[in-house]
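1. Sequence plus predicted model, see below.
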Amino acid sequence: MEELKIEGSAKTPTVEFKGDGRLLLKGRSIPENSIEFYKPLLDWIEEYGSSPKDKTVLNVQLEYFNTSSSKCILDVFKKLETLTDTNIEINWYYEEDDEDMLEAGEDYQAIIDIPFKMIEVEEL
(Lines give C-alpha, C1' and ligand atoms only; values in the text may rest on other atoms or scores of the structure.)
Protein backbone atom coordinates (compact mmCIF):
# COMPACT_ATOMS: atom_id res chain seq x y z
CA MET A 1 0.00 0.00 0.00
CA GLU A 2 1.30 3.43 -0.90
CA GLU A 3 1.93 5.87 1.90
CA LEU A 4 0.10 9.16 2.10
CA LYS A 5 2.45 12.06 2.66
CA ILE A 6 1.37 15.69 2.80
CA GLU A 7 3.89 18.38 3.65
CA GLY A 8 2.69 20.67 6.41
CA SER A 9 2.23 24.40 5.96
CA ALA A 10 1.26 27.34 8.16
CA LYS A 11 -2.37 26.24 7.82
CA THR A 12 -2.23 22.48 7.28
CA PRO A 13 -0.67 19.66 9.27
CA THR A 14 2.01 17.28 8.12
CA VAL A 15 0.47 13.92 7.30
CA GLU A 16 2.45 10.68 7.10
CA PHE A 17 0.26 7.60 6.82
CA LYS A 18 2.42 4.56 6.21
CA GLY A 19 1.27 1.14 5.13
CA ASP A 20 3.14 -0.40 8.07
CA GLY A 21 0.49 0.95 10.45
CA ARG A 22 2.29 4.11 11.60
CA LEU A 23 0.21 7.24 11.10
CA LEU A 24 1.20 10.82 11.94
CA LEU A 25 -0.75 14.07 12.09
CA LYS A 26 1.47 16.97 13.16
CA GLY A 27 1.43 20.76 13.23
CA ARG A 28 -1.42 23.24 12.80
CA SER A 29 -4.79 22.42 11.26
CA ILE A 30 -6.59 25.54 10.05
CA PRO A 31 -7.10 24.78 6.34
CA GLU A 32 -9.40 26.90 4.17
CA ASN A 33 -11.54 23.80 3.52
CA SER A 34 -11.14 21.13 6.21
CA ILE A 35 -13.40 18.60 4.50
CA GLU A 36 -11.38 18.82 1.29
CA PHE A 37 -8.06 18.56 3.18
CA TYR A 38 -9.09 15.54 5.28
CA LYS A 39 -10.83 13.58 2.50
CA PRO A 40 -7.61 11.89 1.24
CA LEU A 41 -6.86 10.80 4.84
CA LEU A 42 -10.27 9.18 5.19
CA ASP A 43 -9.94 7.54 1.77
CA TRP A 44 -6.49 6.20 2.70
CA ILE A 45 -7.79 4.70 5.95
CA GLU A 46 -10.67 3.13 4.02
CA GLU A 47 -8.23 1.45 1.63
CA TYR A 48 -5.84 0.51 4.46
CA GLY A 49 -8.77 -1.18 6.22
CA SER A 50 -8.93 -3.87 3.53
CA SER A 51 -5.66 -5.33 4.85
CA PRO A 52 -4.46 -3.52 7.97
CA LYS A 53 -1.34 -4.44 9.92
CA ASP A 54 -1.67 -6.21 13.28
CA LYS A 55 -1.07 -2.90 15.04
CA THR A 56 -2.04 0.59 13.91
CA VAL A 57 -0.77 3.64 15.81
CA LEU A 58 -1.87 7.20 15.12
CA ASN A 59 0.40 9.86 16.62
CA VAL A 60 -1.41 13.19 16.90
CA GLN A 61 0.99 16.06 17.53
CA LEU A 62 -1.16 19.09 16.79
CA GLU A 63 -0.27 22.43 18.32
CA TYR A 64 -3.59 23.97 17.24
CA PHE A 65 -6.72 23.12 15.25
CA ASN A 66 -9.86 25.09 14.44
CA THR A 67 -13.49 24.05 14.86
CA SER A 68 -13.97 22.71 11.34
CA SER A 69 -10.78 20.65 11.69
CA SER A 70 -12.00 19.19 14.99
CA LYS A 71 -14.97 17.57 13.22
CA CYS A 72 -12.69 16.18 10.51
CA ILE A 73 -10.24 14.84 13.10
CA LEU A 74 -13.18 13.12 14.79
CA ASP A 75 -14.09 11.62 11.40
CA VAL A 76 -10.54 10.23 11.12
CA PHE A 77 -10.90 8.63 14.56
CA LYS A 78 -14.32 7.22 13.66
CA LYS A 79 -12.92 5.77 10.43
CA LEU A 80 -10.10 4.10 12.40
CA GLU A 81 -12.71 2.77 14.82
CA THR A 82 -14.35 0.83 11.98
CA LEU A 83 -11.16 -1.10 11.21
CA THR A 84 -11.17 -4.73 12.21
CA ASP A 85 -8.27 -7.19 12.49
CA THR A 86 -5.93 -4.55 13.90
CA ASN A 87 -5.01 -3.32 17.35
CA ILE A 88 -5.42 0.48 17.23
CA GLU A 89 -3.83 3.07 19.51
CA ILE A 90 -3.94 6.84 19.44
CA ASN A 91 -1.08 8.77 21.03
CA TRP A 92 -2.27 12.31 21.77
CA TYR A 93 0.66 14.65 22.32
CA TYR A 94 0.20 18.01 24.03
CA GLU A 95 2.55 20.67 25.39
CA GLU A 96 2.93 20.73 29.16
CA ASP A 97 1.16 24.08 29.61
CA ASP A 98 -1.55 23.50 27.01
CA GLU A 99 -4.63 22.56 29.02
CA ASP A 100 -6.91 23.17 26.02
CA MET A 101 -5.14 20.57 23.90
CA LEU A 102 -5.17 18.06 26.77
CA GLU A 103 -8.92 18.62 27.22
CA ALA A 104 -9.50 18.23 23.48
CA GLY A 105 -7.75 14.85 23.60
CA GLU A 106 -9.81 13.82 26.61
CA ASP A 107 -13.00 14.87 24.82
CA TYR A 108 -12.13 12.71 21.81
CA GLN A 109 -11.20 9.86 24.14
CA ALA A 110 -14.68 10.03 25.70
CA ILE A 111 -16.34 9.75 22.28
CA ILE A 112 -14.13 7.19 20.54
CA ASP A 113 -13.79 3.53 21.45
CA ILE A 114 -10.04 3.38 20.81
CA PRO A 115 -7.39 3.48 23.54
CA PHE A 116 -5.83 6.94 23.85
CA LYS A 117 -2.49 7.62 25.46
CA MET A 118 -2.04 11.22 26.65
CA ILE A 119 1.61 12.18 26.25
CA GLU A 120 2.88 15.43 27.72
CA VAL A 121 5.89 16.99 25.99
CA GLU A 122 7.87 20.16 26.56
CA GLU A 123 7.37 21.37 23.03
CA LEU A 124 5.73 20.12 19.84
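-> Cool, the structure landed.
2. buried residues in stretch 3-23?
-> Counting neighbours by 16 or more other CB atoms under 10 Å, one finds that the buried residues in stretch 3-23 are 4, 12-13, 15-17, 21, 23. No exception for glycine: its C-beta is placed from N, CA and C like everyone else's.
3. ditto for stretch 71-82
-> Result for stretch 71-82 [16+ other CB under 10 Å]: buried residues 72-73, 75-77, 79-80.
4. picking up where we left off before, okay, among the buried residues of stretch 3-23, which ones form the most distant pair?
-> Greatest spacing in these, by CB to CB: T12 and G21 (23.2 Å).
5. follow-up on the earlier one: name the nearest of the buried residues of stretch 71-82 relative to S34.
-> Nearest to S34 among the buried residues of stretch 71-82, with distances taken as CB to CB, is C72, at 4.6 Å.
6. got a pLDDT number for that closest one?
-> Per-residue pLDDT puts C72 at 98.
7. which stretch of helix or strand covers the closest residue to it other than its chain neighbours?
-> Using CB to CB, 6 or more residues apart in numbering and skipping the chain neighbours, the partner closest in space to C72 is Y38 (3.8 Å). Assigned by DSSP states H and E, Y38 belongs to helix 34-48.
8. Toward the C-terminus, what is the element adjacent to that helix?
-> Trace forward from helix 34-48 with DSSP H and E and the next one is strand 55-65.
9. No further queries at this time; thank you.
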